[in-house]
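Trainee: Here is the input, now give the coordinates:
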Amino acid sequence: MRSSKLEMLNCPRYKYLNEISVTFFPDMNITHVLRSCRSVCSLLKTNPTRKFFSTQFNMTSSKHTNTKRIEGLDKNVWVAFTSVAADPTIVNLGQGYPDIPPPSYVKEALAQAVMVDRLNQYTRGFGHPTLVKALSQVYGKVYGRQIDPFKEILVTVGGYGSLFSTMQGLVEEGDEVIIIEPFFDCYVPMVRMAGAKPVLIPLRLKSSKKTDASSADWVLDQDELASKFNSKTKAIIINTPNNPIGKVFTRSELQVIADLCIKHDALCFSDEVYEWLVYKGHEHVKIATLPGMWDRTITIGSAGKTFSVTGWKLGWSIGPEHLVKHLQTVMQNMLYTCPTPLQAQCYSWVDVTEAVAQGLLRDFELMGQPDCYFTSLAEELEVKRDRMATILKQAGMNPVVPEGGYFMIADVTALNQDLSHMEDDEPYDYKFIRWMIKEKKLAAIPVTAFCGEESIKHFEKYIRLCFIKVGSDGLWDILQDSTLDAAEAVLRNWSKA
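Mentor: Take a look at the predicted model:
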């Protein structure tokens with residue numbers, strides 16, 4: 001026995017297995033490794049067709065396919081272009097996240113909140129009490145009416161959560177939902193997941209404004225809009241200020257929509273996440289404040305957009321109790337609650353309040369004053385907006401100057417870039433951006449990602465760029481390369497070429 005064991009120890013195969021054992025199974029005795037190998041060999045001899053690591057099943061079985069409600073919704077512009085633009089050598093003006101610092105008082109509030117033990121536990125499912133109370137105070141003044149903090153407000157995981165809760169709670173299978181193009185890209189998938197039919201209508205550029213255009217020059221055809229309403233119309237989705245164009249709907253434009261909603265007893269889902277980012281000479285009007293619209297409108301807001309903290313993913317829905325209660329039902333059976341510390345702030349005298357709520361109350365009281373973040377951010381972004389428009393013109397593009405938000409679309413037709421050598425199954429703007437990322441190291445987003453098939457020809461020569469970025473314009477001067485400066489360098493070299 002001892003002889004055979006010595007022979008085994010001197011065997012090259014044993015030494016090889018021992019090396020493997022030490023490398024891959026450091027906590028397992030070599031004898032155990034050998035026994036395991038023998039067991040596997042024995043099984044393979046008795047049943048050579050046996051499979052390991054997974055259960056045998058037919059991958060084509062209907063039980064392993066996707067549901068109908070997500071059929072065709074797997075493609076996503078953010079997945080497609082965010083990964084491509086991840087290269088640090090590429091200047092990314094695509095995805096709409098700020099690279100500027102949020103207000104210090106909001107960050108400090110979060111830091112203080114996590115130090116309070118109870119604020120690291122679950123809070124009220126429909127919104128931390130102090131936050132919904134603050135929202136009711138702020139928006140009560142905006143709406144000019146009393147808002148019940150517990151029955152007419154729902155706090156959700158970002159504007160996305162508000163939209164999803166709205167669709168799932170109020171849109172029924174077989175309904176029709178009118179969507180204005182270009183639209184934020186999640187609208188259509190969410191309507192379809194609810195079993196409803198998206199009915200699209202485009203904003204159209206006034207024929208006389210091919211150059212020096214403003215987002216105000218993109219308008220709805222009133223007769224075309226009226227033709228979209230019928231007995232199946234459950235709701236219309238509006239986005240003001242609009243992403244991606246930056247259009248701020250006027251009171252008269254909203255009144256036309258309101259009249260049609262009332263005439264056809266339709267709901268209105270108003271996405272107003274950029275409500276505070278409206279530039280000089282323009283006014284943000286909430287459609288819910290128009291006569292007869294409060295009882296049929298869900299308004300969506302966002303802390304991420306309000307305070308430049310998009311990673312916090314905190315949003316809210318505001319509307320009448322008879323509608324909001326259905327959104328709350330979705331929330332309690334989907335996500336239940338939002339992170340407590342993101343909603344809460346603690347002071348040294350043990351007064352606990354919301355971080356976001358405190359910011360809202362602070363800045364609402366300062367409205368119109370230089371220290372108000374709502375107004376100061378818009379003023380500072382207006383400088384960046386104008387700078388972006390200038391450098392795009394110098395590169396040979398025709399920008400559409402936005403009235404609100406922090407995106408700008410630009411017409412690239414005049415560049416006359418030949419892309420015939422690229423894939424033919426994509427709209428021109430998709431190919432243009434892929435080419436621009438590769439050849440110019442500049443990333444943007446194709447505008448046809450925000451419209452339906454029938455409107456591609458109207459929008460495929462436009463690209464969307466984000467300008468809430470750090471620049472050498474004296475604003476948000478931090479120790480990092482300036483995103484806007486880098487973009488300007490790319491575009492200046494472009495124009496020289």
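Trainee: alpha carbons only for contacts and neighbour counts from here, please
Mentor: Noted.
Trainee: From residue 403, how far off is the most centrally placed residue in the chain?
Mentor: Centroid-nearest residue in the chain, with C-alpha atoms, centre = their mean: residue 160, separated by 6.7 Å. To residue 403, residue 160 is 23 Å away according to C-alpha to C-alpha, to the nearest Å.
Trainee: which ones are touching the residue nearest to the centre of the chain?
Mentor: Residue 160 is in contact with residue 315, counting by C-alpha atoms under 8 Å, 6 or more residues apart in numbering.
Trainee: Which helix or strand lies directly C-terminal to the helix or strand harbouring it?
Mentor: Using DSSP states H and E, residue 160 sits in helix 158-170. Moving toward the C-terminus from helix 158-170, the next helix or strand (DSSP H and E) is strand 176-181.
Trainee: which residues touch that next one?
Mentor: Strand 176-181 is contacted by residues 187-188, 191, 196-203, 228-229, 232-238, 450-452 when judged by C-alpha under 8 Å, 6+ apart.
Trainee: Please apply the same query to stretch 444-463.
Mentor: Residues contacting stretch 444-463 (C-alpha under 8 Å, 6+ apart): 77, 81, 92-95, 181-185, 200, 202, 244, 409-413, 427-430, 433, 464-466.
Trainee: ok so residue 154 is a strand residue?
Mentor: Yes - according to DSSP: H, G, I helix; E, B strand; the rest coil, residue 154 belongs to a strand.
Trainee: got a list of what it touches?
Mentor: Residue 154 sits in contact with 126, 127, 132, 162, 316, 317, 318, 324, 327, 328, where contact means C-alpha under 8 Å, 6+ apart.
Trainee: swap the cut-off to 7 Å and go again
Mentor: By C-alpha atoms under 7 Å, 6 or more residues apart in numbering, the contact list for residue 154 reads 126, 127, 316, 317, 318, 328.
Trainee: mind listing the strands for the stretch 301-450 of the chain?
Mentor: 315-318, 345-346, 352-353, 398-401, 407-411, 442-443, 445-446 (DSSP state E, counting those that start in this stretch).
Trainee: Would you format those strands as a markdown table with mean pLDDT, mean neighbour count and distance to residue 115 included?
Mentor: Listed next are these as a markdown table, based on pLDDT from 0 to 100; neighbours: other C-alpha atoms under 10 Å; distance: least, C-alpha to C-alpha, whole Å:
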| stretch | mean pLDDT | mean neighbour count | distance to residue 115 |
| --- | --- | --- | --- |
| strand 315-318 | 95 | 27 | 23 |
| strand 345-346 | 40 | 26 | 8 |
| strand 352-353 | 33 | 18 | 12 |
| strand 398-401 | 96 | 25 | 44 |
| strand 407-411 | 97 | 25 | 37 |
| strand 442-443 | 92 | 25 | 40 |
| strand 445-446 | 95 | 28 | 40 |
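Trainee: Same list, those, but as TSV with distance to residue 484 please.
Mentor: Listed next are the strands of the stretch 301-450 of the chain as TSV, based on distance: least, C-alpha to C-alpha, whole Å:
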stretch	distance to residue 484
strand 315-318	28
strand 345-346	34
strand 352-353	37
strand 398-401	16
strand 407-411	13
strand 442-443	11
strand 445-446	16
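Trainee: picking that back up, just the contacts of residue 154 now: which is nearest residue 71?
Mentor: Distance to residue 71, by C-alpha to C-alpha, is smallest for residue 328 among the contacts of residue 154, at 26.6 Å.
Trainee: any idea how far the nearest residue to residue 121 once chain neighbours are set aside lies from residue 458?
Mentor: Setting aside the residues directly before and after it, residue 121 is nearest to residue 340 in space (C-alpha to C-alpha, 6 or more residues apart in numbering), at 6.7 Å. Distance of residue 340 to residue 458, given as C-alpha to C-alpha: 44 Å.
Trainee: Identify the spatial nearest neighbour of residue 464, chain neighbours not counted.
Mentor: Using C-alpha to C-alpha, 6+ apart, the closest residue to residue 464 is residue 409 (4.3 Å).
Trainee: got any ranges where the stretch 201-350 of the chain has weak pLDDT?
Mentor: Scanning the stretch 201-350 of the chain for pLDDT under 70 picks out 208-210, 341-350.
Trainee: can you give me the helices in it?
Mentor: Here the stretch 201-350 of the chain has its helices, by DSSP state H, counting those that start in this stretch, at 222-228, 251-263, 303-306, 321-334, 340-343.
Trainee: among those, which is nearest residue 171?
Mentor: With C-alpha to C-alpha, the closest approach to residue 171 among the helices of the stretch 201-350 of the chain belongs to helix 321-334: 10.5 Å.
Trainee: how about that closest one: buried residues?
Mentor: Residues of helix 321-334 classed as buried by neighbour count (16 or more other C-alpha atoms under 10 Å): 321, 323, 324, 325, 327, 328, 330, 331.
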